[in-house]
Every structure is written in structure tokens, then in C-alpha cells.
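> what would the 3D arrangement of this be:
(one chain, ligands or ions: 2)
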Amino acid sequence: MTQIKPQVQYREDYQPPHYWIDTLDLDIQLDEHATEVVAISRVRRNGEHGEPLVLDGEQLELLQVAINGVDTTQYQQTDTALILSQLPEEFVLTIKTRLDPAANTALEGLYKSGSAFCTQCEAQGFRRITYYLDRPDVLARFTTRVTAEAASYPYLLSNGNRIDQGVLDDGRHWVQWQDPFPKPAYLFALVAGDFDVLRDSYTTQSGREVALEIYVDKGNLHRAGHAMDSLKASMAWDEQRCHLEYDLDVYMIVAVDFFNMGAMENKGLNVFNAKFVLADANTATDSDYLDVERVIGHEYFHNWTGNRVTCRDWFQLSLKEGLTVFRDQEFSSDLGSRTVNRIQNVRLIRGPQFAEDAGPMAHPIRPDAVIEMNNFYTLTVYEKGSEVIRMLHTLLGEQAFQRGLALYLQRHDGQAATCDDFVAAMSEASDRDLSRFKRWYSQSGTPVLTVTDDYDAEQHTYTLTVHQHTPATGDQPQKLPLHIPLSLALYSDQGEPLSLLAEGEAIGPVLDVLESEQRFVFEQIPSRPTPALLQGFSAPVKLNYPYSDDQLTLLAKSSIDEFVRWDAVQMLINKAVVDNLSRLQRGDAVVVPRTLIDVFRTTLEDAALDRALQAQMLSLPDLGSLLELFEQVDIGLLGQVHEQLHAGLSEALQPLWQQAYEQNLTPEYRIDHQDIARRAMKNVALGYLAQAGDAERVQRQYQQADNMTDTLAAMKAAVRAGLQGAETMLADFEAKWRHDGLVLDNWFRLQATAPGEGTLAQVQQLMGHPTFSLNNPNRVRALIGAFAGANPVQFHRLDGAGYDLLVSVLEQLNKSNPQVASRLITPLIQFSRLDDARQAMIKARLQQLMALPALSRDLFEKISKALA
Ligand code: B3K
Ligand code: ZN
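Numbering: from 1, shown residues only. Ligands and ions are numbered 1, 2, ... in the order given. Below you'll find the model as predicted:
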């Protein structure tokens, strides 16, 4: 890697390309160390100008350039570009390059995953395959001919339809692919290898047959069935809910072990991290099953929102990602529990996304300035982006939203579009003014809604005053008021919902908050009500309303909106955390408030409650979300409060935890939503029982478990509570599963997140485990990522040894895989809520990294912002 002066790119500076490329014919001769690529493009000048053609390219050996079939040396070459001048208006450009896939540890471009070749081109990986206009607004029709040795690579795959194939007499063979849909280079894919293939088919609504093929490592066929079911369910869902059909004759998914993220939506040929494909009862947990369904859905839904209509430039990333996350969330909610899905998504926003907003990488869902695009595949772009789409859905309603989506897709089919285009279609289809709403695209940070109320007992009116304020972020000092949909219900003291009347008319539950301060007056309210504010988390904001314990108890019991019930319990827990933190600081002991115990008891005794929701209501938030309750806090103390609340709730409700455990045993393993819910509740109960020392029960569950969910829950409970027998379980598990990376990742993760001073040393030791490798992103995330990101108390040890461990890993990954390094550094740059002593230690480490001789752009961007 060369030391580069990282340059900032600005959204404002967008210029259309000087040239178009209409077709690209690729001829790829695969070889481990010397793959040769011939790329023949038809190039067309965009308008009248004499500008050169500047093609992107990185780490390529240039072998030949020809224009209209004639070799030329009239070009300039830099580290990152090939520049051609004095070109005709239209011409055929031939470029031959050589590259070394086996040396590609960054897993971007063409690389080897085990014995197979595969590619990852989004965002800017195609330039590592050939010189090209590697930008999403250049759409070309691709044909790809792949040649490789036949014995090792019997399957040669690329985008579109297979149109020809042949065998050469030197033991190699080739396949020719043609993709009829023009696409940007980031959607290109190539895979070559030996696999087992699960085949099926799907008939679309209009009667077209689509061949479905899932490629997995040999011996894994029996683990691909759930992925196939999920794919068919996705295809059916998109037809039913959004009237969108698949458009090629074949849909292929390939599972690979070495992958920087979850999966990639390449046209007709998705490449997946095996983690999101493989699942069977012995090896996958319930949440693994749901994750497979979600990610298969997500990538499939991209075929319309991302591929048929793509992004004009990378600043618009949320155009495809926010929308596609919204679509996968709706898919999971329609197939499973809407409330539980909502809760899980909200946990993600309130924890890690709010932390991102409060940290040095704060950015709007449509960023304005980027150094390394890979750094912007963030929770903000994805998850907050989806919340923005959800707010549109809330404001417009399902019908108008679907009209808007249809208009957007029809208007921009085959084009590269912008977020403004999307909002324009939504506005036109619904006849709504979304001008203020658009600020959600340009403003970063988490808005705070402060609500006060007043009841007039004579007039029987109830007035809510809503004040909105977005604290300044590193990237933006000034903030403007946003259009915030505030979903509301009012409850009587008996827990009855009251009708909402304003100015004599019935109004809907969603209030349009548009100004910094706004009042809403409700009439004919018989007595002071309890407001359920922000039902369903109707906007990604923090809410301040001085709820009393009684009000929260009432909402937890009686709200019609199930999300509000969960949220009320969360608010009670938050109150208990804040109070107890002060108690600990004063030297007093942690006390679990009576109200909290009572609400837990009522929840445990509520036989009518959905088990999955019950499990969520009885689970404490993680430390990350709790951190967001404070400006600055000692994370060690916060960890103590968290643990002692868990212990207190365990002790106070022993018989009920036992009952909940017994009542939710599942006689045999079935993957359906009811059983998943029962196991979730049972295992929450097990956690509380383990805390009280019930080693025998934990042991029994570990020994008798017939599925991975129960096995891991038992082992986790034992490790968390430091029970006798934990060591034996860990050893047993390792002996049984050491051959299976995906399963063993759970084992790494569990030990990395164990409480106790010994964890750091354990993590260091596990780095020497025969299956651990810094070149395998899944393994790195399971051990190092989990330790730094999901074990805050041990990572933020006061001796700084947690930081040193991460820094030494980052120093290595900076060279071999900058993308993975850049993901891993997150807990180190989000220090604003920590105490001064820890902040100082972290800053010293960041300075140390900043001084690295060849710091990648990825890390440079984050570290320089954190130190600014
Ligand atoms: N679009 C890809 C993510 C690519 C990440 C590049 N660093 C997967 C997805 O969101 O569906
Ligand atoms: Zn996506």
C-alpha cells in the first residue's frame, strides 16, 4: 500500500461523466496469481468537449491498450488511473490487464475464498479487475467470458444468462454470460469453483419460469434448504406487497467463507457470506434462521431497489440501502412478529446508531463529504435511512406509499437516480408537501423531542407542547427543525384509549411536528390522561417526557400498541439505571425499584402475552443503549448497575423465572414462530436462573439440547454467571465443532463477551487457536469485534490493555484488509460518552495509529475525525 494523501470528495461537486460506456465485453482467463482480463468497451463522448477519458484502476498490471483495434501507447498512467486523450466521438477501447487474485487479502475486486475465485465490486472494487469508469452512473450491457481449469473450477458463473460454453484441449473450459440489463460496474460478479448446488424453480406472477440455484461448499447441501425457502418467500412477497417481479431466467446465490460483509446483490448472481446462507437445526440458532431469511430477502429486493434503479453517485447510497432495509424489515414483519421485529430494529437505532450520531463519524443519511466510500456503509445510511423511509410510509399510508414507489421505479427504470428523485415521486403520488421532510436527508444527528403537557380540568382540554432540538454534531454545527411524525394515543386512568378530538374533529394518531415548538390541544378529555408518545417509534428521535412510574406501569399493562408496552418497560429500566448510577457514585448499594419488579411480575404472569414480546419486555437493554442516557459516564460503574439489576430481578422473582422456564420447554425442535418465541422466553428465564446459581438446570439444558439455540443459551448463561461447569461446556463444544467455522464463531464470541478480568488474556490466547486467522473476517469479528464492541466493560479496562489489543490487531489489518480494520475501530473512536481518563488513553492510542507509515484511507478518515 502506498502512502496517499487522502482526498475528500463532496456531494456538491457531482458532474456527469465525460464519456459513456454502452457495452463491455470481458474475457477473463483465471489464474491464481496471474489472471488476465481483456475488456472491450464501446465508448461514447458525452456532449461536445475535449476532456480526456480518465479510467479508474488500482493494483493492475497494464499489458495492452488499443483504440478501434489499433494498439496505442498514447496514454498516461498513475497509481489509480489510466488517462487517454484526443479521442474520437465514439470508439472501441480494448484494455488488457493482469492481476494477482491470490495475493488479494483486502477481499475487494477479484480474490480467492478458499479454493474458489469470487468478486466483490461495491463500492469501488471493479477498478481492481480492469481500468474502467468505476462509478454508478455509467451503465453498460455486459458480456463475460470466463475461462479456467476445468477440474478445479467446474462452475464458472457471472451475471445474467448463460449463452455459450466450450472445452479447450489444455484442460480448461469456458462459459459465456450475457446480462441483458445495463448495469454499473459495482454490480458485476464472477465466481469460479467446485460446489454443491441446490436447484429449484419459481414461476412468477406473470408465468415466467426462473431457475433458482444456491451454490455451497461441498458437503453443505443439507444446509441450503432454508435459504431456498427464504428466496422463494422473498419473490412471492415482492410480487404481493409491491407488485414487483423478477426479470432474468436464473437467480444464483453463492455462499463463500471469506467475505467482508453480509452479502452482495450482484445482478442475477448474489455472493453471500456463508453465515447468511447455511442453516440447519444442528448448527444454526433461531436468530441465524431469521437472519438468513432477512438477508436473502434484502439482496433479492435490491433487484428493483438498487439494480433496476441504481444510485447516481455514492452519496445517494441510502436511496437503495435505506429503502431496501425498509423492504426487508417489512418482509420479516409480514412473515413473523411485527412487534418483535420493530423492537429489534429500534434497539439497533437507540444503541449503535445513536452512538454513531454522537461520535466523530456523524453524517446525514445522504453524506456530503467522503474520503473512503466503504466507510459509509453505516447504521446511519442503512438503519436510519430505513427509518426515514418508514416515516414517509407513516405519513403517506400504505396505498400512497406504494403508488409513490411504483412511480419512482417506473420513472427511473434503467437509470441512476437520486434521493431527491425518490422524494419527488413520493410527493407527487401522495400530493403531499415533503419539502421540510427532505431535511432528514441532509441533517445529521439525533433530534431530541421534549414534551410537556397540561390538563385543564374545567375545559376538559389536554395540551401537549412539543419542542424539537437537534444537538450539533461534528460535521454540522447548525440544525434546522425537521418534519417529525409523532404517533400518539391517550389513555384514561383505567387504561382505556381516549378518542383524539381537535377543533371539534376526530384526528388520526400521527401529529405533524414541523416547528421547533408546537402545541396540540385535545378536547373532551374527561381527566388527566397518560400519553403514549412516539408509538411504534414513529421517528428516530430521543424522547423526553417526565413519565411517572405509575404512567409507565399503566402503559406497560394496557397500551394497545404492543411496542409501547415494551417501550414503557424500557423507560422504567432506564430510570432505574440512572437512579442507581447516582447511588453507586454516592457509595450506596443498587436497589431494584419496586415498580420495576412489579411490572416484571405482571409481565411474567400475563398468560395472554405473546411469548416473543414477553421475552423482549423482560430483557435488559445492552450497555451501548444505556450509555446513550448519559452525557458522560464511567462505563465500569454502568456495567455494575446493569449486572446488579439483573441479579436483583433474578432474586426477586425466582419462582416465576422457574415457572416461565418450565412452561416454555419445547418437546421437539421446530422452526416456527411460536416455538422460536417459547425458546426465547425460556432462555431469558434461564439467564436469570443462572444468575442465581442454578448450575444444575443450565447443565441439564446443555446436555439435553437438540438444537443450537438451546446449546448456546446454556453455555452463555453458564459463562455469564461464572457457573461451575462453564469450562467443561466450552471444552466440549470446541471438541465437537472445531471443524465448523460458522459454529465455532459462536464459541469465540461467547468467550470474548465473558465478564471478568480474565477475558482479555483469554482473547489473546484464542488468537492462537488453530482456526483463528486475521485473514478471515468472520473469525476476526467473532473474537476481536465482539470483545471490542460487545464487551464494553472489559474492552475499556482501566489499564488500557483492551485498547492495546485492538490497536495491535488494527496495525496488522490496516495492511491486509483495511475495510475490516475500519469496521473494527468503531468502539475506539466513539469515546465521547466515556470519562476523561479513558478518553485520554484512547486518544493516545489513536495518535499511535495515526502515525503508522502506510495508514489506509479507511482508517485515516475515522481516526483523523476522532482526533479533530
Ligand atoms: N450493497 C452491499 C454492501 C456493499 C458494501 C461495500 N463495502 C450489501 C447490501 O447492502 O445489500
Ligand atoms: Zn443492501
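> which ones are touching His363?
His363 makes contact with 376, 378, 380-381, 444, 475, according to CB atoms under 8 Å, 6 or more residues apart in numbering. (C-beta placed from N, C-alpha, C; glycine too.)
> not counting its neighbours along the chain, what's nearest it?
Excluding the flanking residues, the one nearest His363 by CB to CB, 6 or more residues apart in numbering is Ser444, at 5.2 Å.
> would you double-check that the one you found falls in a helix?
No. Under DSSP: H, G, I helix; E, B strand; the rest coil, Ser444 falls outside any helix and is assigned coil.
> next, count neighbours for it.
By the criterion of other CB atoms under 10 Å, Ser444 has 23 neighbours.
> and the chain, which residues reach ligand 2?
Proximity of the chain to ligand 2, by CB under 5 Å from the ion, involves residues 321, 324.
> rerun at 6 Å
Within reach of ligand 2 by CB under 6 Å from the ion, the chain has these residues: 298, 302, 321, 324.
> sorry, back to before: neighbour-wise, give me the winner out of the contacts of His363.
Ranking these using other CB under 10 Å puts Thr380 first, with 27 neighbours.
> what sits against that residue?
Thr380 makes contact with 353, 356-357, 362-365, 444, according to CB under 8 Å, 6+ apart.
> tell me, how many residues neighbour Ala472?
Applying other CB under 10 Å, we find 12 residues neighbouring Ala472.
> contacts only, for the closest residue to it other than its chain neighbours.
Spatial nearest neighbour of Ala472, chain neighbours left out: Lys479 (6.7 Å); criterion: CB to CB, 6+ apart. When contacts are counted by CB under 8 Å, 6+ apart, Lys479 is found next to 443, 445, 447, 469-472.
> Lys479 in helix, strand or coil?
Assigned state for Lys479: coil (three-state reduction, three-state DSSP).
> and what of the one 3 residues further on?
For Leu482, the secondary-structure state derived from three-state DSSP is coil.
> isn't it right up against Tyr441?
No. Contact criterion CB atoms under 8 Å: Leu482 and Tyr441 do not qualify, at 10.5 Å.
> re earlier: now the two most distant members of the contacts of His363.
Using CB to CB, the contacts of His363 reach their maximum pairwise distance at Val381 and Asp475, which is 13.9 Å.
> enumerate the residues of this protein near ligand 1.
122-123, 261, 263-265, 298-299, 302, 321, 374, 377 (CB under 6 Å from any ligand atom).
> would you convert those residues into JSON lines that also reports pLDDT?
Listed next are the residues of the chain next to ligand 1 as JSON lines, based on pLDDT from 0 to 100:
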{"residue": "Glu122", "pLDDT": "99"}
{"residue": "Ala123", "pLDDT": "98"}
{"residue": "Met261", "pLDDT": "98"}
{"residue": "Ala263", "pLDDT": "99"}
{"residue": "Met264", "pLDDT": "99"}
{"residue": "Glu265", "pLDDT": "99"}
{"residue": "His298", "pLDDT": "99"}
{"residue": "Glu299", "pLDDT": "99"}
{"residue": "His302", "pLDDT": "99"}
{"residue": "Glu321", "pLDDT": "99"}
{"residue": "Asn374", "pLDDT": "98"}
{"residue": "Tyr377", "pLDDT": "98"}
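> what residues sit buried inside stretch 682-702?
Across stretch 682-702, burial judged by 16 or more other CB atoms under 10 Å covers 682-691, 694-695, 697-699, 701-702.
> hmm, I was thinking of stretch 528-547
Result for stretch 528-547 [16+ other CB under 10 Å]: buried residues 529-543, 545, 547.
> which of these fall within strands?
530-533, 542-543 (DSSP state E).
> okay, and Asp179 sits in which element?
strand 172-183 (DSSP states H and E).
> helices or strands up against that strand?
Packing partners of strand 172-183 (3 or more CB pairs under 8 Å, 6 or more residues apart in numbering; DSSP states H and E): strand 140-149, strand 155-158, strand 161-167.
> for ligand 2, see how far away the closest residue to Arg308 other than its chain neighbours is.
Leaving aside its sequence neighbours, Arg308 sits nearest to Asp413 (CB to CB, 6+ apart; 5.5 Å). Using CB to the ion, to the nearest Å, one obtains 19 Å as the distance from Asp413 to ligand 2.
> Asp413: neighbour count?
12.
> that one and Asn307 touch, don't they?
No. At 10.5 Å, Asp413 does not count as touching Asn307 under the criterion of CB under 8 Å.
> list phi and psi for Leu554.
phi -60, psi -50 (degrees, to the nearest 10).
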